[in-house]
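> Generate coordinates for the sequence data below:
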Amino acid sequence: MQYRVQGIVIRSMDYGEGNKIITLFSRELGKVAVIVRGAKKVKSRYASVAQLFTCGDYLFFKSGQLGTLNHAEIVESHHIIRGDLHKAAYASYMAELTDRVLGDQEANAFLFEQLKAALTALDEDKDMHIVTFIYEMKIWMQAGYQPELDACVSCSRDQADMYFSALVGGLLCENCRPRDPQAVPLAPGTLKLLRILAKMDIRRLGQIDVKPATKESLKQLIRSYYDTHIGVQLKSRHFLEQMEKYGV
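Below you'll find the model as predicted:
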């Protein structure tokens, strides 16, 4: 059967002497694997459409698990991202997160639009940390892992002093904090920002200025939550951590 989809290349791997297999995250079909014949050849007309982060319109034939590309046209190449180490690292993380958390052929038009907007935001020099935080929240929500950020997980109260607990999956108030002694206290500004990011549509994100200390706090909260509730090892996250460790 022949399919026509708009998709983003979230994985690309060599296949045979001159081919590639790409994983597209598409609006219409979700994740789908497609072989691009001749993509590794220098003069191939399909070399560019098989590159990571490329958004395009893809036409392919599919009869089993693997499709075969017939035609493709680029919508956004995102070459700016591929040419910048830091942008490429964060884009790779979002792409791998999408690939590992979502199942095959689970159509999700909203999440597709969020990833598409996230890559555009990186192109436009918007804060890559904030863009990534928002996308993480969106993919957790779509996958059923959204943390409780509106009120205390235990008693449903919203108080001035709140704590974030990866263990219980969200906020704890002062009275309920004994449920998790490792819960992290949240400054009012950090909690407010966390709630805003959880509800933010990346397509509406403007330029945003967040203090480095606040971004570091958010990063630690989000990573601890991911490790507790999802725990899938990602090569791209390891690379990000190595960049942070050595100040790259």
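> domain ranges for this structure?
2-79, 146-229 (automatic domain parsing).
> Comparing those, which comes out most buried?
Highest mean neighbour count of the domains of the chain: domain 2-79, a mean of 18 (counted as mean count of other Cβ atoms under 10 Å). Just so you know, the C-beta spots here come from the backbone N, C-alpha and C atoms, and that holds for glycine as well.
> And that one, how far out from the chain middle?
Relative to the chain's own centre, domain 2-79 is displaced by 19 Å; criterion: Cα atoms, centre = their mean, to the nearest Å.
> And the pLDDT at the most centrally placed residue in the chain?
Centroid-nearest residue in the chain: residue 94, 2.8 Å away (criterion: Cα atoms, centre = their mean). At residue 94, the model reports a pLDDT of 98.
> That one reaches residue 132, doesn't it?
Yes: Residue 94 lies in contact with residue 132 (Cβ atoms under 8 Å); the separation is 6.2 Å.
> now what about the helix or strand in which residue 94 is found, what contacts it?
Assigned by DSSP states H and E, residue 94 belongs to helix 85-101. Helix 85-101 is contacted from outside by 8-11, 23, 25, 31, 52-53, 78, 80-82, 111, 115, 118-119, 122, 128-129, 131-132, 135-136, 139, 143, 230, 232, 234-237, 239-240, 243, 248, using Cβ atoms under 8 Å, 6 or more residues apart in numbering.
> after that helix, next one along is what?
Next element after helix 85-101 (DSSP H and E): helix 109-123.
> what helix or strand does the residue sitting furthest away from the middle of the chain sit in?
Going by Cα atoms, centre = their mean, the residue of the chain most distant from its centre is residue 175, 34.5 Å out. Residue 175 is part of no helix or strand, with elements assigned from DSSP H and E.
> Which helix or which strand is home to the nearest residue to residue 49 once chain neighbours are set aside?
In space, and not counting its chain neighbours, residue 49 is closest to residue 72: 4.0 Å by Cβ to Cβ, 6 or more residues apart in numbering. Residue 72 belongs to strand 66-76 when assigned by DSSP H and E.
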